[in-house]
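**Q** What would the 3D arrangement of this be:
(one chain, ligands or ions: 2)
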Amino acid sequence: MKIKSAAFVKSCADRHAADADEFAPQIAVAGRSNCGKSSLLNMLMGAKLCKTSSTPGRTRLINVFSVECDVPFYFIDLPGYGYSVAQKSVSDEWSERTDAYFRRGENIAQVLCLMDIRRVPSELDKTLINYLRDLNLPFTVVLTKSDKLSRAKAAKSRMDIAAALGLARDNLFVTSASKNIGRDELLDRIQCILSV
Ligand SMILES: Nc1nc2c(ncn2[C@@H]2O[C@H](COP(=O)(O)OP(=O)(O)OP(=O)(O)O)[C@@H](O)[C@H]2O)c(=O)[nH]1
Ligand SMILES: [Mg+2]
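**A** Numbering: from 1, shown residues only. Ligands and ions are numbered 1, 2, ... in the order given. A predicted model of the protein is given here:
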């Protein structure tokens, strides 16, 4: 799939998270803070539209982007979870906002669950996956930062993470935003999802 253009639409703050509902269909991006959500979106959209940062917790709002292509859709950049156990209020805030978002999620065509390929899935990662299963929301796991590992190590990590999550290996996409790896495969997958 070729993206013709992409643009920032709006940021939705806490109490106005429902403002995201009017956009359809949506491909939402979720994952731990700092796992590379905003960077992956920039790679997919071919433009630096999302703010990225080495400081975890950069994205604190629900950000909406419109994508022009054969099957136009919206990317939703969600705030990351679990960046500090000490800041409980922040994670509570995350759950409240995203929980409300997912529960209303009739326009969600797919949730991309991003995970750093170098990390064993955390309890929060597993919670997210089980939570999406419970809500019957379709998801795809996207492994990020594959440039940090050799090809062999990346392949092994993909297998281990798939096993830890109880998923088939084919359901996990390997990507690198800094090396532009996995872009075409993931965009084709998104096109398939949107075309059904
Ligand atoms: N080497 C490498 N670094 C990456 C890659 N993707 C993201 N990063 C780095 O990881 C850090 C976090 O990236 P972001 O895209 O801001 O992560 P995020 O998940 O949006 O973070 P929050 O908004 O805080 O939840 C930044 O320093 C990025 O440069 C990648 O593919 N390879
Ligand atoms: Mg971000």
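**Q** what residues are up against Ile129?
**A** 113, 139, 141, 165 (C-beta atoms under 8 Å, 6 or more residues apart in numbering). No exception for glycine: its C-beta is placed from N, CA and C like everyone else's.
**Q** Residues of the protein that sit close to ligand 1?
**A** Selection of the chain residues close to ligand 1 by C-beta under 6 Å from any ligand atom yields 31, 33-39, 52-54, 56-59, 80, 144-145, 147-148, 176-178.
**Q** can you tell me which of these are in helices?
**A** If you go by DSSP state H, these have 37-39 in helices.
**Q** Do you know the pLDDT at Asn180?
**A** Listed pLDDT for Asn180 reads 96.
**Q** So it sits against Leu44, correct?
**A** No. In this structure Asn180 lies outside contact range of Leu44 using C-beta atoms under 8 Å: 10.2 Å.
**Q** Which one of the two is surrounded by more residues?
**A** Each of Asn180 and Leu44 has its neighbours counted (other C-beta atoms under 10 Å); Leu44 has more, 25 against 12.
**Q** For the closest residue to ligand 1 within the chain, grab the count of nearby residues.
**A** Closest approach between the chain and ligand 1, counting by C-beta to the nearest ligand atom: Gly80, at 2.5 Å. Look at Gly80: counted by other C-beta under 10 Å, it has 26 neighbours.
**Q** ok, now Ala152?
**A** Applying other C-beta under 10 Å, I find that Ala152 has 8 neighbouring residues.
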